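Colleague: Just to be clear, the model below is a prediction. Sequence and coordinates:
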Amino acid sequence: MDEGDPQLSGGQAAFGAGIVEHGAATSVAPMRADEADGRVANRLRALPQIQRLLEHPEAVRLANASSRATVAAAFRTVLDRVRAEIRSGEVQTPAVADLVDRAEALIVADRLPGLRRAINATGVIVHTNLGRAPLATEALAAAAAAQGYCNREFDLEIGARGARAQSVEPLLCELTGAEAAAVVNNAAAAVLLGLSALAGGGEVIVSRGELVEIGGGFRIPDVIRQGGARLVEVGTTNKTRIEDYAAAITADTRVLLKVHQSNYRIVGFTEDTSLEALADLARARDLILMHDLGGGALIKLRGGERMHEPTVQDCLRAGADIVAFSGDKLMGGPQAGLLVGAAKAIAPLRRHPLMRALRLDKMSLAALEATLRLYRDPEMAIQRIPVLRMLAQTEAALNARARRLAQLLDGAADIEVESSQGYAGGGALPEQRLASWAVVLSHPEWTPDTLAAQLRRGRPGVVGRVGGDRLILDMLTVADEELIELAAAIRAALG
């Protein structure tokens, strides 16, 4: 060996990964594969058996609080994960106390319900991922009352079977002026049922500019085909005239379908065909005009033209034979698909086999009825239905709420109060941003994503939005009565 070659010291020569010295510099020599495998095997053999883990005092406490079988199952899961981590070179053999801690974390996590309450600080009112519309107190009380036995399909007056939606459909007719109504479990189901019953085996004519896709891959062309009808596209993406519809009508045409552009808008060089014009054409050709309205507002939203959404009543007055809309978007009720319109259009839906498959459960029917009753007094509806109340908030009220939260958090974090912009959500008002105010959090050591994750894991979980290098908590979707709980959740996450 030449004098200038690097040499291993006696102690270092015993290890393939020993330090190689060359002058003042050091480096790590590569470990041979057999030595690496040996170390992994030694670490795996060093893992304790489940019996030994179960004898640990903390494990005994856990077993007394739940069961020995539960704790043993948790240890098996933990050991499987640790073995995988050791094989990948991520960890050495953990201490017994660490294994017990990991098992306890698994047990605690397993006890948490999968569906948990969250505070929505995103500024998106009808947030699909957070359960869409929060329910009015009256709706929650009605759903709770329906948990046990109730007269869901029983007429208490005559003592015989009654209609399932006997308390809801008359209310829908009263509020909208429709001749008849039907209720199913969501808006997509309402469109599917309507097209299956009214156009199955025939043709449905739709403008190319209205072949929409909304959340979850729900596409109008797919629904038409699933309903057993043939799609006939007319016009172009940006322009569809009444002459396009008229020219496409054949002996097989059953329905003219108009679809609300829920989550997008086509602007610029455009032309649309009004419901009134389509209604005249449908009557002249003895066809059904169906309108998929989407969000389904029952009253004019506060805010004038900037908050304009057609109401269900507007569509019926314009001549639609049947209007399909959502119960849990702008209407602010439980998940439901509602259909209102002419008796001749609703009757075939009641007889269709899908009606039973798509029916609404008793608790949702009870919550829906309670929500609809609030609409008898529009001012009461705005005060009591959370979606409508949030849409009607003033900037001054939102600013005051943000400053109140900032006071509650004084000293807990780096905080700023600033103007913000929220959204109606749920596919409604896609172009309209809602003026709001927010509390903005930053942390000297955490990224905004880390801070957001900490808040989501709390009880309740808090969901905000990340913007730039800060976490934004928008007050548009936070209620006054949630502020103290929200402040506590933030302090817990930071602590």
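Modeller: Structure received. Residues are numbered from 1 along each chain as shown.

Colleague: Give me the below-cutoff pLDDT ranges for the stretch 301-450 of the chain.
Modeller: For the stretch 301-450 of the chain, the stretches with pLDDT under 70 are 302-307, 427, 430-431.

Colleague: Check this structure and tell me which residue is nearest its centre.
Modeller: In the chain, the residue lying closest to the centroid (CA atoms, centre = their mean) is N129, at 1.6 Å.

Colleague: That residue belongs to a helix, doesn't it?
Modeller: Yes - judged by DSSP: H, G, I helix; E, B strand; the rest coil, N129 forms part of a helix.

Colleague: Look up how far H260 lies from it.
Modeller: For N129, the distance to H260 equals 21 Å [CB to CB, to the nearest Å]. C-betas here are computed from N, CA, C, even on glycine.

Colleague: Who are the packing partners of the lengthiest helix in the chain?
Modeller: Criterion DSSP state H: the longest helix present in the chain is helix 68-87. On a contact count with 3 or more CB pairs under 8 Å, 6 or more residues apart in numbering; DSSP states H and E, helix 68-87 meets helix 33-45, helix 50-54, helix 57-65, helix 96-111.

Colleague: Specify the stretch among those that is closest to Q454.
Modeller: With CB to CB as the criterion, Q454 lies closest to helix 96-111 of the helices and strands packed on helix 68-87, at 15.6 Å.

Colleague: angle of the closest one against helix 57-65?
Modeller: Relative orientation of helix 96-111 and helix 57-65, computed by axes from the mean of the first three to the mean of the last three CA atoms, to 10 degrees: 20 degrees.

Colleague: could you give the mean pLDDT of helix 96-111?
Modeller: The average pLDDT within helix 96-111 is 88.

Colleague: quick one: buried residues of that helix?
Modeller: Neighbour counts over helix 96-111 (16 or more other CB atoms under 10 Å) mark V96, L99, V100, R102, A103, E104, L106, I107 as buried.

Colleague: Can you tell me the closest non-neighbouring residue to the last one?
Modeller: Yep, that's I107 we're talking about. The shortest distance from I107 to any non-neighbouring residue, by CB to CB, 6 or more residues apart in numbering, is to A74 (5.2 Å).

Colleague: So what's the predicted local confidence for the one you found?
Modeller: What the model reports for A74 is a pLDDT of 92.

Colleague: Please save the CA atoms from stretch 375-393 in PDB.
Modeller: Output in PDB follows, covering the C-alpha atoms of stretch 375-393 (Å, rounded to 0.1, in the frame of the first residue of the first chain):
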ATOM      1  CA  TYR A 375     -89.800  29.800   3.500                       C
ATOM      2  CA  ARG A 376     -93.500  30.800   4.100                       C
ATOM      3  CA  ASP A 377     -92.000  33.900   5.600                       C
ATOM      4  CA  PRO A 378     -89.000  35.000   3.400                       C
ATOM      5  CA  GLU A 379     -87.600  37.300   6.100                       C
ATOM      6  CA  MET A 380     -87.800  34.500   8.600                       C
ATOM      7  CA  ALA A 381     -86.000  32.200   6.100                       C
ATOM      8  CA  ILE A 382     -83.100  34.700   5.700                       C
ATOM      9  CA  GLN A 383     -82.700  34.900   9.500                       C
ATOM     10  CA  ARG A 384     -83.000  31.200  10.300                       C
ATOM     11  CA  ILE A 385     -81.500  29.300   7.300                       C
ATOM     12  CA  PRO A 386     -77.700  29.500   7.600                       C
ATOM     13  CA  VAL A 387     -77.000  29.700   3.800                       C
ATOM     14  CA  LEU A 388     -79.300  32.600   3.300                       C
ATOM     15  CA  ARG A 389     -78.100  34.300   6.500                       C
ATOM     16  CA  MET A 390     -74.500  34.100   5.400                       C
ATOM     17  CA  LEU A 391     -75.200  35.400   1.900                       C
ATOM     18  CA  ALA A 392     -77.000  38.400   3.400                       C
ATOM     19  CA  GLN A 393     -74.200  39.400   5.800                       C
END
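
Colleague: Quick check: buried residues in it?
Modeller: Y375, A381, I382, R384, I385, P386, V387, L388, R389, M390, L391, Q393.

Colleague: go on, stretch 160-178?
Modeller: G162, R164, A165, S167, V168, E169, L171, L172, C173, L175, T176, A178.
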